[in-house]
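A.B. asks: Next come a sequence and a model predicted from it.
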Amino acid sequence: MGWLQGWLTGGDSELGWDDLIDRIAGAIAQRRQFGRKGESVFPAEVQVTVIAPAQGLDVIRGFLEEAELDRRVQAELANRCDCELSALPLCTYTAAEGPRLDVQIDERQGIASWQIEVGGGDRAGDRLDVPNKRELRFGRGQWHGGDAQFRNDLIVSTNDAFVSRRAGRLFRVGHSFEVEALDQGDFLTVHRKGESRIRPARSASGRVTLRSGDEIELSSGTGQTVRLVFRRLPG
């Protein structure tokens, strides 16, 4: 994934991608406490700030923008603390200037507020706040499944039959989200300005990264669409 030269640490050695992940996971692990039954307990949300000299900030920021970094940090932290991924905090990442490489962890609440604006369909014009959860389901109506036992976290349509009840899932990864198509299949596409449509169902991982301003389109294949504009709110 790359490496960072010794001027970040003040020495002559190189700091690799794996080393950066190890440092971040180690810093978060220090915030672990233990519950009544000895289980690992973390803050619900943390802000991870990687401090580096000015000449290394752009490199660090590039690393922190990679969705893979958060996945690797979570996996390393779960392994190190012998706990389930569901027990780990939601993380967002930023870089700040300092004399040498360091990692600072701050407990926060509501560190990244996101909203979806619905265009088209019977909920056109609605704005939906995105819950602070690691995984969210979205689709038509509140419930889905054979016995209607699964709840959608985001109801993007009420009665538009071309929108699947179990349209897709969102996964929170650091600064951004990833979207996966479920029953909507190839009729779920991601649009970015200046880029062609991307179908998560046809990607190698089955997911596509979403950033503020990106749009998810749910279509019928015959011209009907519901568009979900994904935005991070100021502050």
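C.D. replies: Arrived safely, thanks for sending. What you see is a predicted model, and the numbers here were worked out from it, not measured in a lab. Numbering: from 1, shown residues only.
A.B. asks: so Leu20 touches Gly62, yeah?
C.D. replies: No: look at Leu20 against Gly62 with Cβ atoms under 8 Å: they stay out of range, at 11.4 Å. C-betas here are computed from N, CA, C, even on glycine.
A.B. asks: And these two? Which one has more around it.
C.D. replies: Leu20 (25 against 12; other Cβ atoms under 10 Å).
A.B. asks: and that one, helix, strand or coil?
C.D. replies: helix (DSSP: H, G, I helix; E, B strand; the rest coil).
A.B. asks: Could you work out the end-to-end span of stretch 84-101 for me?
C.D. replies: End-to-end distance of stretch 84-101 (Cα to Cα, to the nearest Å): 29 Å.
A.B. asks: Show me what counts as buried in that stretch.
C.D. replies: Leu88, Pro89, Leu90, Cys91, Thr92, Tyr93, Ala95, Leu101 (16 or more other Cβ atoms under 10 Å).
A.B. asks: start to end distance for stretch 32-41?
C.D. replies: With Cα to Cα as the measure, stretch 32-41 spans 6 Å from end to end.
A.B. asks: hmm, back to that, so which of the buried residues of stretch 84-101 sit within helices?
C.D. replies: Among the buried residues of stretch 84-101, no member is found in helices (DSSP state H).
A.B. asks: Return the member of those nearest to Glu39.
C.D. replies: In terms of Cβ to Cβ, no member of these lies closer to Glu39 than Leu88, at 12.2 Å.
A.B. asks: now that closest one: how far from Ala167?
C.D. replies: Per Cβ to Cβ, to the nearest Å, Leu88 is found 27 Å from Ala167.
A.B. asks: Phe230 too?
C.D. replies: Using Cβ to Cβ, Phe230 is found at 14 Å from Ala167.
A.B. asks: okay, those two: which has more neighbours?
C.D. replies: More crowded of Phe230 and Ala167, by other Cβ under 10 Å: Ala167, with 27 against 21.
A.B. asks: need the contact list for the closest residue to the more buried one other than its chain neighbours.
C.D. replies: Nearest non-adjacent residue to Ala167, counting by Cβ to Cβ, 6 or more residues apart in numbering: Gly139, 3.7 Å away. Gly139 sits next to 152, 155-157, 163-168, 182-184 when contact means Cβ atoms under 8 Å, 6 or more residues apart in numbering.
A.B. asks: Tell me the bridge partners for Gly139.
C.D. replies: Beta-bridge pairing of Gly139 under DSSP bridges involves Ile155.
A.B. asks: Give the helix, strand or coil label for Ile51.
C.D. replies: strand.
A.B. asks: Over to Phe63?
C.D. replies: Criterion first, three-state DSSP; result for Phe63: helix.
A.B. asks: how near is it to Thr92?
C.D. replies: Distance, Phe63 to Thr92, by Cβ to Cβ: 14 Å.
A.B. asks: what helices or strands is the lengthiest helix in the chain leaning on?
C.D. replies: Ranked by number of residues, the top helix in the chain under DSSP H is helix 67-81. Contact here means 3 or more Cβ pairs under 8 Å, 6 or more residues apart in numbering; DSSP states H and E; on that basis helix 67-81 packs against helix 17-29, strand 90-97, strand 168-173.
A.B. asks: let's see it at 6 Å
C.D. replies: If you count contacts as 3 or more Cβ pairs under 6 Å, 6 or more residues apart in numbering; DSSP states H and E, helix 67-81 packs onto helix 17-29.
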